[in-house]
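Asker: structure for this input, please:
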Amino acid sequence: MDLTKVIKDVPDFPIKGVIFRDITPVLHDPDAFRAAVDSITQKLKNVDFDYIAGPESRGYLFATPISYNMGKGFIPVRKAGKLPRECYRAEYDLEYGTAAIEIHKDSIKSGDKVVVVDDLLATGGTAKAVAELVESAGGEVVLYVFMIELTFLNGRDMLKGYNVQSILTY
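Answerer: Here you go, the predicted structure:
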């Protein structure tokens, strides 16, 4: 299935001049959703890992079914203040401000291998912050897999030294 025919371009969202790649139609279409999850899962077939981390909010949508299908634990990466127990916290820059994300301190043990699954690689700030969280807990990011990569924003530059793969590139 050609997912590029399902993803919708939304001009001027969230601000004028930006073209937003809307993946919600992929989630709405069972065949497209299956194709997206299967495509990401295929990238993980020969990877040795313990957990899949999924950043809030759209990373959750792909990471959780893959975690379930592969029999791996899921690590929620949430916006600051949303998790109920003691957390590691990482702050990062956005195109239009700053943000912070967190994981529970007990979600990763020293030596755990983590795959990060997210919907989009843009500037790389969120993805790099996830690596900081995983590494703060003693884990290792062994692979990033993104459904979409916006190559013109050079997000891979933030992730030098990490294995980064994408399903679709724009």
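Asker: hey, where'd the helices end up in this protein?
Answerer: With DSSP state H as the criterion, the chain has helices at 24-28, 30-44, 58-70, 125-136.
Asker: give the contact list for Ile15.
Answerer: Going by Cβ atoms under 8 Å, 6 or more residues apart in numbering, Ile15 touches Tyr96. Heads up, the C-betas are built off the backbone N, CA and C, glycines and all.
Asker: what do you get for Lys128?
Answerer: 92, 158-159.
Asker: who's in contact with Asp106?
Answerer: The contact partners of Asp106, taken as Cβ under 8 Å, 6+ apart, are 85-86.
Asker: can you give me the strands in this structure?
Answerer: Using DSSP state E, the strands of the chain run over 8-11, 19-22, 51-55, 73-79, 87-94, 97-104, 113-121, 140-149, 164-169.
Asker: other residues contacting the last one?
Answerer: Just to be clear, that refers to strand 164-169. The contact list for strand 164-169, computed with Cβ under 8 Å, 6+ apart, reads 3-4, 7, 36, 39-40, 43, 121, 143-151, 156.
Asker: run the last query once more with 7 Å
Answerer: Under the contact criterion Cβ atoms under 7 Å, 6 or more residues apart in numbering, strand 164-169 has outside partners 3-4, 39-40, 43, 121, 143-149, 151, 156.
Asker: hmm, which of these are the buried ones?
Answerer: 3, 39-40, 43, 121, 143-149, 156 (16 or more other Cβ atoms under 10 Å).
Asker: nearest to Ser57, of those residues?
Answerer: Met147 (13.6 Å; Cβ to Cβ).
Asker: let me see the contact set for the closest one.
Answerer: Counting by Cβ under 7 Å, 6+ apart, Met147 has contacts 23, 36, 40, 62, 119-120, 167-168.
Asker: go again with 8 Å.
Answerer: 3, 23, 26, 36, 39-40, 62, 118-120, 166-168.
Asker: Val6 too?
Answerer: Taking Cβ under 8 Å, 6+ apart, one finds 25-26, 29, 32 in contact with Val6.
Asker: got TSV for these, with distance to Gly54 and neighbour count too?
Answerer: Shown next, in TSV, are the contacts of Val6 (distance: Cβ to Cβ, whole Å; neighbours: other Cβ atoms under 10 Å):
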residue	distance to Gly54	neighbour count
Pro25	20	14
Val26	16	24
Asp29	20	15
Ala32	19	19
